[in-house]
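# Quick one, structure for this:
(4 chains)
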There are 4 protein chains.
Amino acid sequence: MRTHGAMKVGVLTGGGDCPGLNAVIRAVVRKGVQRYGHEFVGFRDGWRGVLDDHRTVRLGIDSVRGILPRGGTVLGSSRTNPLSDGADGVRRMQATMARHGVEALIVIGGEDTLGVAARLWGEYGINCVGVPKTIDNDLSATDYTFGFDTAVSIATEAIDRLHTTAESHMRVLVVEVMGRHSGWIALHSGLAGGANVILVPERPFDVEQVCGWITSRFTSSYAPIVVVAEGAVPKDGDMVLKDGTRDAFGHVRLSGVGEWLAGVVEKRTGKEARTTVLGHVQRGGTPSAFDRWLATRFGLHAIDAVHERDYGTMVALRGTDIVRVPIGEATATLKTVPAQLYAEAEVFFG
Amino acid sequence: MRTHGAMKVGVLTGGGDCPGLNAVIRAVVRKGVQRYGHEFVGFRDGWRGVLDDHRTVRLGIDSVRGILPRGGTVLGSSRTNPLSDGADGVRRMQATMARHGVEALIVIGGEDTLGVAARLWGEYGINCVGVPKTIDNDLSATDYTFGFDTAVSIATEAIDRLHTTAESHMRVLVVEVMGRHSGWIALHSGLAGGANVILVPERPFDVEQVCGWITSRFTSSYAPIVVVAEGAVPKDGDMVLKDGTRDAFGHVRLSGVGEWLAGVVEKRTGKEARTTVLGHVQRGGTPSAFDRWLATRFGLHAIDAVHERDYGTMVALRGTDIVRVPIGEATATLKTVPAQLYAEAEVFFG
Amino acid sequence: MRTHGAMKVGVLTGGGDCPGLNAVIRAVVRKGVQRYGHEFVGFRDGWRGVLDDHRTVRLGIDSVRGILPRGGTVLGSSRTNPLSDGADGVRRMQATMARHGVEALIVIGGEDTLGVAARLWGEYGINCVGVPKTIDNDLSATDYTFGFDTAVSIATEAIDRLHTTAESHMRVLVVEVMGRHSGWIALHSGLAGGANVILVPERPFDVEQVCGWITSRFTSSYAPIVVVAEGAVPKDGDMVLKDGTRDAFGHVRLSGVGEWLAGVVEKRTGKEARTTVLGHVQRGGTPSAFDRWLATRFGLHAIDAVHERDYGTMVALRGTDIVRVPIGEATATLKTVPAQLYAEAEVFFG
Amino acid sequence: MRTHGAMKVGVLTGGGDCPGLNAVIRAVVRKGVQRYGHEFVGFRDGWRGVLDDHRTVRLGIDSVRGILPRGGTVLGSSRTNPLSDGADGVRRMQATMARHGVEALIVIGGEDTLGVAARLWGEYGINCVGVPKTIDNDLSATDYTFGFDTAVSIATEAIDRLHTTAESHMRVLVVEVMGRHSGWIALHSGLAGGANVILVPERPFDVEQVCGWITSRFTSSYAPIVVVAEGAVPKDGDMVLKDGTRDAFGHVRLSGVGEWLAGVVEKRTGKEARTTVLGHVQRGGTPSAFDRWLATRFGLHAIDAVHERDYGTMVALRGTDIVRVPIGEATATLKTVPAQLYAEAEVFFG
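Below you'll find the model as predicted:
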């Protein structure tokens, strides 16, 4: 393993922020410097930093001290797609890498960021190793991604708190959690929090049925908690538009599904309903112990892959092992909540 | 102190729920039974339980086991005003009390609930001892009320989490916290969380100034957190209507001030802004250690007052002491954030 | 799946308590009653309840309301081994089961408890389905057990707190965590908390080397955190005896390894050292979101196995799937920390 | 207020660390620089930094960014007493102050540190303004000190967790908390956590009575939690020596009172007992919202006092107000738990 010589490695974080990004960066640098003698260059704000060579920074042991428990990313992030300008963007990135003597990139990001890395490696031969990141847990190549456990923990704690206020006033409490395309956060936090209804994007919901569960819960003298992923939609799409609200800019648009659902539930069940929209609280702050562990191990294994010049790969969790998979695999399919798993949870509805 | 004989005491909780209600009930019953030999009757859902004698329950040592750390109220709550029917309501309540042999009531509630207790005592001679409760901390008779510290803690933790996501994306994060008429939660959590702008109902805000603070924060390469009380309003009221949204029931109404402000800030500063509405998460769940301590002491002193037949009083916190004040005092004036205290915080703005 | 008829099922929890036990019980009963129409009998205090038929209780939907987030076990636990009396114990248990019409047992426990279940099934044909439980994560048949994530989270939070006090005073802080035979809690919390030394039972430690790491940490002007599993031992066993202390009962015994190590470190490095022994705080209280999810899924799958009369099996986690394995497998080998995984962590030492 | 000109102000933190120290420093610097135009010099490691002028640092707005939520102190701390060398120490400190052009000191510390400040001001005319700090809450001049609420919160959370493990195994759980000379942390966390026995240094305890409470708790089928301050002692001092243990250095000494008490309880009641020693976890990590608020306000008012050249004063909390008191007042008497307050708590014993 130590047959390869020291090199310069670039690091960047792209896409939405996620608790654990700093833990990855720290692990990469600690092991890279101490064990292998590599040097590190941090690019700012995702791909933009490689494109523009803006505020590029040397990353040493001191740069990563104390960042393990911190949320966000010390390198900043963006959603810049360097391939939107085609080959020109690629040339600019290659120039930046050459300017800094960087031989390979460790790319920490989600579907979009890793998709770019896959093309840079596959089409342009730029040396990339990927680290998967998504708060939504919807990357198919890995059992879990860091950030997800933190988000689920925060949402669960919120649900715990809402139970007592729901019971005291016999109200419906609707909690809208993250998850535009997949319902993993809703499903896990809903199950862990003892929700009475869980609604996910994978399965358009029937408003009548939801109201039925809610009413039945009241019948046994308990107040219901409804956890709804932001991307969940009712079966009859028109219904939403009919109740559509005008946004701050004056356009008619759907209000958040949580707010909308609370309104509909009030009308149909005659019960008071209140909404909480957790928003970015779910993706900020210190990572959970699990996410720090996973992010740290991802970092350690990513620098191993770079050290071995095993480019075009991505680290992934399988059971309790960290494995390497082709970087393209991460973006192949969206990992959605399987029908069977959702069915498991339904026993707790109503 | 033990010169008075044993008696039957009614207990009720009214108004919005609040972490610490159960701690009061437990302390009242534990000391009342063990020290004084009193018996306790729990009325359900605030004044409604006394009016309707519905599911009235005996409260013994066993009924209050394990409830200290639990949010909400085991007795339920409501906003029923028993005086809305005038003397008839009073007669019904007196009948209920007579039916159960209840000689005095311990009334745990906020402005409305205690206002009723003050009138029942003052106008009808019904024996009441009050325990002040409001998550908003706006009762003038007491330094603090339980529930407030819990709400501030939860809001502060959320602000902590939002800092990292704000920095990673250089976005404005707006956090809407509770406080319809007073800005105590916003002020305390904003200061504790290191917010860059704090907006309170007591002081209509100037949107231009807010945008100025936000821009100046970005100038020094940091991303701003804005904490806004739900009751905060801009100086120019029309501006809100102009941006007014249509609610789920199709009526034009103001959207929440947080959502509204984020929209305006985006338009004027050109920076992305996101909103989090904490909602009922702030008033649910286990009370903070401070609130359990305060609620427990309130309960111990309330039963002392009853035992001494010192009716028409309310317990209150002054410094580190629990004192008794006339129950009417609680509802005399709303305790708002003084201008000078708000000015103290302004040094951190921008 | 629904071809089998309704039946009576016994439930028991054995061994040390663990956050998530109640979540298992709740899931078993909710699905068993609502989906399959089974009835449930709760035996108290582990195997003792089946032996003695003491305070045996019917478990219905109402019995399991609200227990999901609660630590401990509503059924109580013990370390009673019903096989220590040989066949007589078995006869007594069979009599208890017959008395209640119980056809099968869901046995939630660790190595000892499940070992008994394996023998009861294998040697006496008593119908058992196992659910693995151990805070130490040392059961080889499953990727993780519930309770472990909670313990790691609590220990990590403690380590986070100790960092600031270590830095402020430039002291060594030693944290002793659970783990008599395996170092999983130490390894995970040490990595997640950014410890500078992690000591596990699997690898006797060299005191000189530990002091070297500590000194090197001070050299770079930082204060070290040492995480040590309660079962970790120094290479030279005599050394411990030499420093042995007399316990509260007057016997010479080893003090806790944490306290002992702090003393030795002070003597050898000349730096102040302080110890924290987290103790039972690690196994009490509300389960983490992950543990509630895992425990709930274990419960749902255990009652499926019973419903299908698939006895002699145990549920286990493999990746993200719940599978069934022979119940004996759980107790076959102790799952210790592999040398390679420990080596991964060593890059952070010093 | 702005009549006074800009000046150079020194800042130091002394004694044991305490959550909130950084919040004070930040508030002092933010307001001092932005509002008054003062400059700040940070002295390291308490009085030692003024004595030795070691690593003295300029404190600007940038130095205090992001430190509000961090535990510990960015300036470091020590227990160095600069008066132990008499007038020579004073001369050295005056020389350091002159070298940096520092006109006044903001001294953040406990009894010892503030005692030095009082003498420096009173006997040598060195301009000092004090900020009281003690995790133990035993300074008589102020209602509360920051750090105390954090410590109580951490201890309460631990007690919450121990309840479930106590109940599951019907064991006695003993929690030893901080408090060498006063029982404030024990009293507050014990009350908030629902402890069944609370032992404080102010009141030597009767082991028989403690065992009586424990036994009575078991009689009603619940398991007891005993919270004991580290400085609590039994009435019969000899009894402890009899059970005395030998420490890691081979000297006979008292073991921690928690461990000792658990041993005695086991012997006398025949019940299993376990001990948790929270240790420095109580004083590390992020401050609670209340402590951040209090520390921030202390800082704002301390710089006001300096700006007004109101030397020889200390800021203090009275009710909800920050007031100024003579700095000597802080060290006049130890604020212990009054007998009457302890008696209030006794209703929950047993």
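# any residue of the longest helix along chain A up close to chain B?
As assigned by DSSP state H, the longest helix anywhere in chain A is helix A:148-169. Yes: using CB under 8 Å from any CB of the partner chain, helix A:148-169 reaches chain B at A:154, A:157-158, A:160-169. In short, each C-beta sits where N, CA and C put it, glycine included.
# Please list which of the residues you listed also come close to chain C.
Among the residues of helix A:148-169 next to chain B, the residues lying close to chain C (CB under 8 Å from any CB) are A:157, A:160.
# In ChimeraX, how would I select the buried members of the residues of helix A:148-169 next to chain B?
This is how ChimeraX selects the buried members of the residues of helix A:148-169 next to chain B, with burial counted by 16 or more other CB atoms under 10 Å in any protein chain shown:
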select /A:154,157,158,160,161,162,163,164,165,166,167,168,169
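# quick one on the thing from earlier: tell me what the longest helix of chain A is packed against?
In terms of contacts (3 or more CB pairs under 8 Å, 6 or more residues apart in numbering or on different chains; DSSP states H and E), helix A:148-169 is packed against strand A:172-177, helix A:184-193, strand A:225-229, helix A:289-307, helix C:289-307.
# now do the same end-to-end measure for stretch A:51-70.
This stretch, stretch A:51-70, spans 27 Å end to end (CA to CA, to the nearest Å).
# Stretch A:130-138 too?
Terminal residues of stretch A:130-138 lie 16 Å apart, using CA to CA.
# average pLDDT across it?
On average, the pLDDT along stretch A:130-138 is 95.
# what does stretch A:12-24 give?
Stretch A:12-24 shows a mean pLDDT of 95.
# Using PDB, write out the CA atom coordinates for that stretch.
C-alpha atoms of stretch A:12-24 as PDB (Å, rounded to 0.1, in the frame of the first residue of the first chain):
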ATOM      1  CA  LEU A  12     -14.200  19.800  -2.600                       C
ATOM      2  CA  THR A  13     -17.700  19.600  -1.200                       C
ATOM      3  CA  GLY A  14     -20.700  20.200  -3.500                       C
ATOM      4  CA  GLY A  15     -24.500  20.400  -3.300                       C
ATOM      5  CA  GLY A  16     -26.600  21.000  -0.200                       C
ATOM      6  CA  ASP A  17     -24.800  21.000   3.100                       C
ATOM      7  CA  CYS A  18     -25.000  18.000   5.300                       C
ATOM      8  CA  PRO A  19     -23.700  17.200   8.800                       C
ATOM      9  CA  GLY A  20     -20.500  15.200   8.500                       C
ATOM     10  CA  LEU A  21     -18.800  17.000   5.600                       C
ATOM     11  CA  ASN A  22     -16.200  18.300   7.800                       C
ATOM     12  CA  ALA A  23     -15.600  14.900   9.400                       C
ATOM     13  CA  VAL A  24     -14.800  13.600   5.900                       C
END
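# From residue D:161, how far off is the residue of chain A positioned farthest from its centre?
Distance from the C-alpha centroid of chain A peaks at residue A:219, with 37.6 Å (CA atoms, centre = their mean). Counting by CB to CB, to the nearest Å, the gap from residue A:219 to residue D:161 is 35 Å.
# Which pLDDT value belongs to residue A:330?
Predicted confidence (pLDDT) for residue A:330: 74.
# my bad, should have said residue A:246
41.
# related to what we said a few turns ago, rebuild the helices and strands packed on helix A:148-169 as JSON lines, extending it with distance to chain D.
Output for those, formatted as JSON lines (distance: least, CB to the nearest CB, whole Å):
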{"stretch": "strand A:172-177", "distance to chain D": "23"}
{"stretch": "helix A:184-193", "distance to chain D": "17"}
{"stretch": "strand A:225-229", "distance to chain D": "22"}
{"stretch": "helix A:289-307", "distance to chain D": "15"}
{"stretch": "helix C:289-307", "distance to chain D": "13"}
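# In JSON lines: the ones you listed, plus distance to residue C:260.
Formatted as JSON lines, the helices and strands packed on helix A:148-169 follow (distance: least, CB to CB, whole Å):
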{"stretch": "strand A:172-177", "distance to residue C:260": "47"}
{"stretch": "helix A:184-193", "distance to residue C:260": "39"}
{"stretch": "strand A:225-229", "distance to residue C:260": "48"}
{"stretch": "helix A:289-307", "distance to residue C:260": "26"}
{"stretch": "helix C:289-307", "distance to residue C:260": "31"}
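# With mean pLDDT and distance to chain B as extra columns, can I get these in CSV?
Conversion of these to CSV gives the following (pLDDT from 0 to 100; distance: least, CB to the nearest CB, whole Å):
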stretch, mean pLDDT, distance to chain B
strand A:172-177, 96, 6
helix A:184-193, 98, 11
strand A:225-229, 97, 10
helix A:289-307, 98, 13
helix C:289-307, 98, 14
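# Right, I'll leave it there.
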